[in-house]
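Engineer: below is the sequence, then the predicted model.
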Amino acid sequence: MTVLRRATPADADAVTRVFLSSRAAALPWLPRPYSDAETSEFIRNVVLARCRTWVATQGDDVVGFAALGPGHLEHLYLDPDRRRQGIGSLLLRQVQEASPEGFTFAVFARNASARAFYERAGCRVVAVGDGRDNEEREPDVSYEWTP
C-alpha cells in the first residue's frame, strides 16, 4: 500500500535517491550539471527546506516525491521500478488539493511519458521553450493546471 506524508529532513537521502535514479532511467540523454553530492545538498537545503514536499512510501521505502513552491510544481519523481502503479497520480492529486488556485510547471520536451501523464491529468501546455531558461539547456514545455 502506498502512503503519502509530508517529507521531513530525515527523508533527504531517500528523496535524493529517487531523484537521481528517476532521472537516470527516464532521461538518460539529459546532461547532469551537478554531482550526486551537490544534488543531495540541493534536495536537503532547497527542496526540503523551501518547498512543501510530500513523499510516497511503501513500507519503509520512499518511492516517489512531489515538491511544490508558491504556485509552481518544482518536482515530481518516482522510483523507476514503481512507475505505472498510480503513485504519480496520488502525488499529483495531493499537489492539486494543496493548490486550489492552480499551478504551473515545466517538463523536458523529450520526456514524452511525463508529458502524456500530465496531459491525461488535465494539465495544458502554455509555452514551449528552447532550453535557454533551464540549467540543462534542454528544450522544455511549460504547463499549467487549473481546477
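Structural biologist: That came in fine, so what should we check first? Computed from a prediction, not measured in an experiment: that's the story for all the values here.
Engineer: now the helices for this protein?
Structural biologist: Taking DSSP state H to define them, one finds helices in the chain at 12-26, 36-42, 48-50, 87-98, 112-120.
Engineer: check the offset of the longest one from the chain's centre.
Structural biologist: Yep, that's helix 12-26 we're talking about. Taking CA atoms, centre = their mean, to the nearest Å, the mean C-alpha location of helix 12-26 is offset from the chain mean by 10 Å.
Engineer: oh, and call the first residue 383 from now on, that's how I've got it
Structural biologist: Okay, residue one is now 383; in that scheme the one you just asked about reads as helix 394-408.
Engineer: next, the buried residues of it.
Structural biologist: 394, 396, 397, 398, 399, 400, 401, 402, 404, 405, 408 (16 or more other CB atoms under 10 Å). The way it works is simple: take the backbone N, C-alpha and C, and place the C-beta from them, glycine included.
Engineer: go on, the second one?
Structural biologist: Within helix 418-424, the residues scored as buried using 16+ other CB under 10 Å are 421, 422.
Engineer: what's in contact with that helix?
Structural biologist: 394, 395, 398, 401, 402, 416 (CB atoms under 8 Å, 6 or more residues apart in numbering).
Engineer: send me it as PDB with only the CA atoms.
Structural biologist: Output of helix 418-424 as PDB, limited to C-alpha atoms (Å, rounded to 0.1, in the frame of the first residue of the first chain):
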ATOM      1  CA  ASP A 418      25.400  13.400  -6.700                       C
ATOM      2  CA  ALA A 419      26.800  15.200  -3.600                       C
ATOM      3  CA  GLU A 420      25.700  18.600  -5.000                       C
ATOM      4  CA  THR A 421      22.300  17.200  -5.800                       C
ATOM      5  CA  SER A 422      21.900  15.800  -2.300                       C
ATOM      6  CA  GLU A 423      22.800  19.200  -0.900                       C
ATOM      7  CA  PHE A 424      20.200  20.800  -3.200                       C
END
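Engineer: tell me, what residue is most central in this protein?
Structural biologist: Nearest residue to the geometric centre of the chain (CA atoms, centre = their mean): residue 458, 1.7 Å.
Engineer: list the residues that contact residue 459.
Structural biologist: Contacts of residue 459 (CB under 8 Å, 6+ apart): 400, 401, 404, 405, 446, 447.
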